[in-house]
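In: what's the 3D shape of this:
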Amino acid sequence: GPGGLVGHPWSSAAFAPYRLDAGRAPRAADEVVVTGGWAAPGERVRTDRGTLRVVGTVPGLGFEDAVFFTDARAADLAPLSVQLAVDAEASAVRDTVREVVRDGVPDGAGVRVLTGAERRYADADPHRDEEALTALNALFGTAGGVSAFVSVFVVSSTFAFAVAQRRREFGLLRTAGATPGQLRRTVLAEAAVVGVLASGTGCVLGAYA
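Out: Predicted structure coming up:
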């Protein structure tokens, strides 16, 4: 199998979440469920924990190659856990942690309860979201700059063409007594109305897109 396999108890699979796409959950000590598709149900694989029988597979989530044991077998392999996923109210978990620390258990002093967005600190690579966000910011910044540059030139050239086409109309208005300022205000008002309507439509369509 691939290097860097990470073992977990099967009961923790629901927190990722991992969902079976083939086979079943492990029931015996030598049965496992694996991610990544490198082994199929029914195969036997050799590991530093002995020969294991793959009884199920789950789709990989991209941040680890996981092997799921039964809860009892996982407890035997790693009796000391540094991270726990708990399905309970955060306040109840914090109260329990305070009681453990208050009772003088030395290992309880460094316990942290992570909820909401802070749960990412329990991931194997907690900073990957920051890196992805930085990359997206750079991408959107570049795309926004190019879009603004193109928009300015397309709108200005189209507007200039539209004004040039209306040269006779503006000549007739000047003949009828319109001042240059009135013509400029008319053109600017038309541009403002069209721009507001076009921008609003673009925002609505962009939100859906």
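In: residue nearest the centroid of this structure?
Out: By CA atoms, centre = their mean, the chain has its centre lying nearest to D129, at 7.4 Å.
In: check which helices and strands the helix or strand that residue falls within sits against.
Out: D129 belongs to helix 128-165 when assigned by DSSP states H and E. With contacts taken as 3 or more CB pairs under 8 Å, 6 or more residues apart in numbering; DSSP states H and E, helix 128-165 sits against no other helix or strand. From N, CA and C alone the C-beta is placed, and that goes for glycine too.
In: let me see the mean pLDDT of it.
Out: Here helix 128-165 scores 88 as its mean pLDDT.
In: when you give positions from now on, start the count at 231
Out: I'll keep to 231 as the first residue from here, and by that count the last item is helix 358-395.
In: in the next helix-or-strand element following it, what's buried?
Out: Of the helices and strands lying after helix 358-395 in sequence (DSSP H and E), the nearest is helix 397-405. Under the neighbour-count criterion of 16 or more other CB atoms under 10 Å, helix 397-405 has nothing buried.
In: what residues does helix 397-405 touch?
Out: Outside helix 397-405, the residues within contact range by CB atoms under 8 Å, 6 or more residues apart in numbering are V393, P410, Q412, L413.
In: could you dump that helix to CSV, C-alpha only?
Out: The C-alpha trace of helix 397-405 is given here as CSV (Å, rounded to 0.1, in the frame of the first residue of the first chain):
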residue,chain,number,x,y,z
ARG,A,397,-23.2,62.9,-34.1
ARG,A,398,-26.1,64.0,-36.4
GLU,A,399,-28.5,63.8,-33.5
PHE,A,400,-26.3,66.0,-31.3
GLY,A,401,-26.0,68.4,-34.3
LEU,A,402,-29.8,68.7,-34.6
LEU,A,403,-30.0,69.3,-30.8
ARG,A,404,-27.4,72.0,-31.0
THR,A,405,-29.3,73.6,-34.0
